[in-house]
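Colleague: heads up, no residue letters with this:
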């Protein structure tokens, strides 16, 4: 079975603070992909990043960075110098590749509130 | 990546009625999926829409309640039948193109059943 756990239900920060959103996953597949999506109040899902299981290199994109550690089955997301526009629900998701089934499994999401 | 047009964006419906949601993609896609997001919850896969054959439903979802059509590689519909207030959710269409494992989502349909 595949599972994604986002233990942080809601995080509140003040603008310009750094914040890390945690994601822990479970899968028996040796090959898999991990994703982060942002869902602003308008409801659409915005793709942020995709990472495959063979690439543990951390990635930085502007104020966003991701830390992938297979040893702890974690794929954490850090926002540096947060802004009010970062307020949204963030979902971590997993897709296993070994079974050939293209189902994307989502975590329960973390609601980020950034206040001015 | 593909661009998805999902309609309607929102609707308020009377219980007992049905609503059909459309998902139109600007290019041919391999896989199309339908998700439900209940208020304050995560996304749950309803079914995979297969072109030319019946949809594949996840546990807890049945064809009588959520009939799905996929007449070609760019279009699919999801019907929410005999609605009750518990069906109030956001319904999202998602696609995968070719061998690429990225997923694109439509803007969602926010359904309220009264």
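Modeller: Received, thanks. No experiment lies behind these values; they were computed from the predicted model shown. Numbers count the residues shown, from 1 in each chain, chains lettered A, B, ... in the order given.
Colleague: the helix or strand hosting residue A:48 close to chain B?
Modeller: Assigned by DSSP states H and E, residue A:48 falls within strand A:46-52. Yes: among the residues of strand A:46-52, A:47, A:50, A:52 lie within reach of chain B under Cβ under 8 Å from any Cβ of the partner chain. In this view, the C-beta of every residue, glycine as well, is placed from N, C-alpha and C.
Colleague: reformat those as JSON lines; add neighbour count.
Modeller: Below are the residues of strand A:46-52 next to chain B laid out as JSON lines (neighbours: other Cβ atoms under 10 Å in any protein chain shown):
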{"residue": "A:47", "neighbour count": "14"}
{"residue": "A:50", "neighbour count": "16"}
{"residue": "A:52", "neighbour count": "14"}
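Colleague: kindly indicate which of these lies nearest chain B.
Modeller: residue A:50 (5.6 Å; Cβ to the nearest Cβ).
Colleague: what residues does chain B have near chain A?
Modeller: Listed as neighbours of chain A in chain B under the rule Cβ under 8 Å from any Cβ: B:1, B:31, B:33, B:41-45, B:48, B:90, B:92, B:94, B:96, B:101-108, B:110.
Colleague: drop anything exposed from those residues.
Modeller: The neighbour count (16 or more other Cβ atoms under 10 Å in any protein chain shown) marks B:31, B:33, B:42-43, B:45, B:48, B:90, B:92, B:94, B:96, B:101, B:103-108, B:110 as buried among these.
Colleague: residue farthest from the centroid of chain A?
Modeller: residue A:116 (23.5 Å; Cα atoms, centre = their mean).
Colleague: contacts only, for it.
Modeller: The contact partners of residue A:116, by Cβ atoms under 8 Å, 6 or more residues apart in numbering or on different chains, come to A:14, A:15, A:84.
Colleague: quick check: the second one vs chain B, distance?
Modeller: This points to residue A:15. 25 Å (Cβ to the nearest Cβ, to the nearest Å).
Colleague: for that residue, which non-adjacent residue is spatially closest?
Modeller: Using Cβ to Cβ, 6 or more residues apart in numbering or on different chains and skipping the chain neighbours, the partner closest in space to residue A:15 is residue A:116 (5.4 Å).
Colleague: tell me how far the one you found lies from chain B.
Modeller: Distance, residue A:116 to chain B, by Cβ to the nearest Cβ: 24 Å.
Colleague: coming back round to it: the strand holding residue A:48 pairs with which strands, parallel or anti?
Modeller: Strand A:46-52 has its sheet partners listed here by DSSP bridges as strand A:32-39 (antiparallel).
Colleague: would the least confident helix or strand in chain A by mean pLDDT count as contacting chain B?
Modeller: The helix or strand of chain A with the poorest confidence is strand A:59-61; it has a mean of 86 (mean pLDDT, DSSP states H and E). No: judged by Cβ under 8 Å from any Cβ, strand A:59-61 makes no contact with chain B; its nearest approach is 14.9 Å.
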